[in-house]
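K.L.:
Pasting the sequence and the predicted coordinates here, then a few questions.
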Amino acid sequence: MSPVEALLARAGMNYSDRVVQAVSDVSLEIPRGTALGLVGESGCGKSTLGRMAAGLLSATHGEVLVDGERMDAGHAGMATRDMLRVQMVFQNPMASLNPRQKVVDIVTEAAVYHGLIRRRERLEFAAELLREVGLPPDVLNRLPHQFSGGQRQRIGIARALSVSPEFLICDEPVAALDVLIQAQIINLLLELKERRKLTLLFISHDLGVVRHICDEVVVMYLGRIVEQASTADLFARPAHPYTQALFREIPRIRSGRRAYEPISGEIPSPMSPPTGCHFHPRCPCVMERCSREAPPEAEFEKGRVARCWLPLSI
Ligand code: SF4
Ligand code: MG
C-alpha cells in the first residue's frame, strides 16, 4: 500500500475514490463575437473547464469545437495555427509572466516562434500591441516586477492578443485587482472584443463583473451547470436557488449598509457529492424529493435552463 493509499484507507476511502470529476456533463455554445460568463464559487470547476477549452487540460470525454473544428488538447491532426485561435488570460499576471523576461520578449515570443512575424519586426509589433492595451511603448525593456498589477494584466492581455486569437478565455482576469483598476481592465476587454471581434469566455466568481461584460451567463455548482440565461434575464429573475444565493452574497453598498449574506454551509467535496440535487444540503428551498432525485438540466422557459425541480414545477 502506498503512503497515499494508506492515508486514504485511514480516511475510509479507497484509491478509486480519488477519481474526482471536476467537471461533468457540461456543454457550452458561445456564438461568435459574444461573451459568455462562467460563474460560481471557487472549486466549482470553472477554471478546469476554462483550461480544457483552452487546450491546457484534456478531458476524458468530450470535445472543444471552434466553427465545427476540433480544438481540444492533444487532438490528432490539429495544426498549431488552429491552437493559436484560442488564447487564455490568467488571474495572476505575476505568476503567469516570466519575471526574467523583458516585456518586448513576453509579447513577441509566440508570434516569432510561430512565424507570424519576423525577428526584426519585434519592436514595432510589440509597441503596437502595447499601445492597443493602453501601455506606453517606452516600457518595452522593463521586467514584470516594474509594473503595477493592472499594467501586468495589460501585458498578459497583449501576450494573448499577439497571436491574433478569435476566442479568448479569461480566468478571473480582474479578481486580484482593486475596484478602479478592475473597471479599466473590463473596459479594455470590452473595447478589444469589439475591435478584434473576439469571442469571450469570461470566468469569474463575481456576478457584478460578469454583468458588465457578458451577453449570457452560466452558473456552475460542483462541476455542473445549474443555470444558464441571458445576462438580462438572469439579473432580472434568477431561477435557481444557488444563483439567488450568489446574488444575496453581493454586498449592497448603495443601500448604505453592507447586507452581506454568505451562502450557508460548506461547499461539499467533489469526491463525495451529495445525493440527488448536489445543492440540497445548502438549499433554502429544499424539498423532500431533492435529496433523492437529481433534477435534469432542463429548459423551463425559452432560452432559460436550470437544474432544479422548482422552476420545472411552476
Ligand atoms: Fe434546491 Fe431542490 Fe432545486 Fe436542488 S432541486 S436547488 S435542493 S429546490
Ligand atoms: Mg479558479
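P.N.:
Sure, I can see it. Numbering: from 1, shown residues only. Ligands and ions are numbered 1, 2, ... in the order given.
K.L.:
For residue 224, grab phi and psi.
P.N.:
phi -130, psi 150 (degrees, to the nearest 10).
K.L.:
That one: what's it in contact with?
P.N.:
Contacts for residue 224 (CB atoms under 8 Å, 6 or more residues apart in numbering) come out as 23, 24, 25, 26, 45, 278, 297, 307. Quick note: C-beta positions are derived from backbone N, CA and C, even for glycine.
K.L.:
In the stretch 1-150 of the chain, which residue sits closest to ligand 1?
P.N.:
Residue of the stretch 1-150 of the chain nearest ligand 1, by CB to the nearest ligand atom: residue 40 (13.7 Å).
K.L.:
How many neighbouring residues does that residue have?
P.N.:
25 (other CB atoms under 10 Å).
K.L.:
Residue 206 contacts residue 176, doesn't it?
P.N.:
No. Counting by CB atoms under 8 Å, residue 206 stays clear of residue 176, with 11.9 Å between them.
K.L.:
Which strands or helices does the longest helix along the chain pack on?
P.N.:
The longest helix of the chain (DSSP state H) is helix 179-196. With contacts defined as 3 or more CB pairs under 8 Å, 6 or more residues apart in numbering; DSSP states H and E, helix 179-196 has these neighbours: helix 149-161, strand 167-171, strand 199-204, helix 207-213.
K.L.:
any residues touching the first one, and which ones?
P.N.:
Counting by CB under 8 Å, 6+ apart, helix 149-161 makes contact with 87-90, 93-94, 96-97, 103, 106-107, 110, 129-130, 132-135, 144, 147, 168, 173-174, 176-177, 181, 184-185, 188-189, 192, 196, all of which sit outside it.
K.L.:
Kindly supply the PyMOL command isolating those of the contacts of residue 224 that are buried.
P.N.:
Restricted to buried positions by 16 or more other CB atoms under 10 Å, the PyMOL selection for the contacts of residue 224 reads:
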select buried, resi 23+24+26+45+278+297+307
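K.L.:
coming back round to it: export the helices and strands packed on helix 179-196 to a markdown table and tack on mean neighbour count, distance to residue 287 and mean pLDDT?
P.N.:
Shown next, in a markdown table, are the helices and strands packed on helix 179-196 (neighbours: other CB atoms under 10 Å; distance: least, CB to CB, whole Å; pLDDT from 0 to 100):
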| stretch | mean neighbour count | distance to residue 287 | mean pLDDT |
| --- | --- | --- | --- |
| helix 149-161 | 23 | 44 | 96 |
| strand 167-171 | 24 | 35 | 94 |
| strand 199-204 | 24 | 30 | 95 |
| helix 207-213 | 19 | 26 | 91 |
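K.L.:
Indicate which one of those is closest to ligand 1.
P.N.:
helix 207-213 (17.5 Å).
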